[in-house]
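Asker: One predicted model, sequence on top.
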Amino acid sequence: MVSQSTIERPAGVADAKTGRTEPRIKLAVKDLSIRYGKVVALHGVNLEIHEHEIFGIIGPANAGKTSFLKAINRMDVFTPGMRVSGDIDFNGRDTRRLNNVYALRSRIGVVFPLPVGLPMTVYDNVALSPRLRGIKSKAELDVIVQRCLTRAALWDEVKDRLNALGSLLSGGQQQRLTIARALSQEPDLLMLDEFSIAVDPVTTMRIEDVLKELRQEVTIILVTNLVQQARRLADRTAFFLDSECVEIGVTEDLFTGEVKDQRTRDYVEGRFG
């Protein structure tokens, strides 16, 4: 069994012929299958996600998108009846064999569809993870809180009420607070599961702008039920349907180029889903 206190970041690989450095593989999934009892949520998924890309996942409800995120972060241990098989390599390590699951989760930030504000102040929501890492200095925590709230496009709106309860913020502000809290982990990978489902269009666009900037620092997996959102943000996109990964491609190609499977074309053009 693999045991480690940190999840290392792999180096890029230079192509022997061209000398160019190929994109680092942040996440590699091989033959992934997920079941809930007798119900198959995903079957035989194979894909790779590159470092510093926004990787979109689209598909109708019950296609297995959220289950995919749960498997990456080992959340299946909290889900009765959920069974995962196959390999999920994160930074070159098989996550299914890691003893230290907490070290894995410390490198992966997750933003759920509905904002989940912890019952504490705005400041403490963001400072929680750094404190758990052992950071005690108020000055250092102040810097982290301001940086994360700024990166989440929220600082200017809350800088004068950091001691107010996070639950008193508007829905859009709470969602951005959730992003700030995820960023305070200093993750390698940020996973967003339909973050805009309860957010107004203006706030959605603000968060999208934040994600475009964050791709320079972290790898992002974006699960969305809005195909145009994937088109605006994702470098590459996977289409999930009926418990399988039907197709993966450069996002714009899925909308304007030749697709491998007609079901992909039908979905992105709104014929079903």
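Answerer: On my side now, so go ahead.

Asker: hey, where'd the strands end up in this structure?
Answerer: For the chain, applying DSSP state E gives strands covering 13-14, 21-22, 25-36, 39-50, 54-58, 82-90, 93-94, 108-111, 189-193, 219-223, 236-241, 244-250.

Asker: Could you dump the ones you listed into CSV with mean neighbour count, distance to Val158 and mean pLDDT added?
Answerer: Bear in mind the C-beta positions are built from the backbone N, C-alpha and C, glycine included. Shown next, in CSV, are the strands of the chain (neighbours: other Cβ atoms under 10 Å; distance: least, Cβ to Cβ, whole Å; pLDDT from 0 to 100):
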stretch, mean neighbour count, distance to Val158, mean pLDDT
strand 13-14, 12, 42, 48
strand 21-22, 11, 40, 66
strand 25-36, 18, 31, 96
strand 39-50, 17, 32, 96
strand 54-58, 26, 26, 98
strand 82-90, 18, 32, 95
strand 93-94, 16, 37, 90
strand 108-111, 23, 17, 92
strand 189-193, 24, 21, 95
strand 219-223, 24, 23, 97
strand 236-241, 25, 33, 97
strand 244-250, 18, 37, 96
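
Asker: what about the ones you listed, which gets the closest to Tyr102?
Answerer: Ranking these by proximity to Tyr102 (Cβ to Cβ) places strand 108-111 first, at 11.0 Å.

Asker: which residues sit in contact with the residue lying closest to Leu165 once chain neighbours are set aside?
Answerer: Using Cβ to Cβ, 6 or more residues apart in numbering and skipping the chain neighbours, the partner closest in space to Leu165 is Thr121 (6.2 Å). Applying Cβ atoms under 8 Å, 6 or more residues apart in numbering to Thr121 gives the contacts Leu162, Asn163, Ala164, Leu165, Gly166.

Asker: picking up where we left off before, could you dump the strands of the chain into a markdown table with distance to Glu269 added?
Answerer: Below are the strands of the chain laid out as a markdown table (distance: least, Cβ to Cβ, whole Å):
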| stretch | distance to Glu269 |
| --- | --- |
| strand 13-14 | 37 |
| strand 21-22 | 33 |
| strand 25-36 | 27 |
| strand 39-50 | 23 |
| strand 54-58 | 12 |
| strand 82-90 | 31 |
| strand 93-94 | 38 |
| strand 108-111 | 28 |
| strand 189-193 | 24 |
| strand 219-223 | 20 |
| strand 236-241 | 12 |
| strand 244-250 | 14 |
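
Asker: looking at these, which is closest to Lys136?
Answerer: Among those, the nearest to Lys136 by Cβ to Cβ is strand 108-111 (22.1 Å).

Asker: For the residue nearest to the spatial centre of the chain, name its beta-bridge partners.
Answerer: By Cα atoms, centre = their mean, the chain has its centre lying nearest to Met191, at 0.8 Å. Met191 has these beta-bridge partners by DSSP bridges: Val110, Ile221.

Asker: Quick check, it in contact with Phe112.
Answerer: No: Met191 is beyond contact range of Phe112, at 9.4 Å (criterion: Cβ atoms under 8 Å).

Asker: Contact partners for Arg215?
Answerer: His52, Glu53, Ile54.
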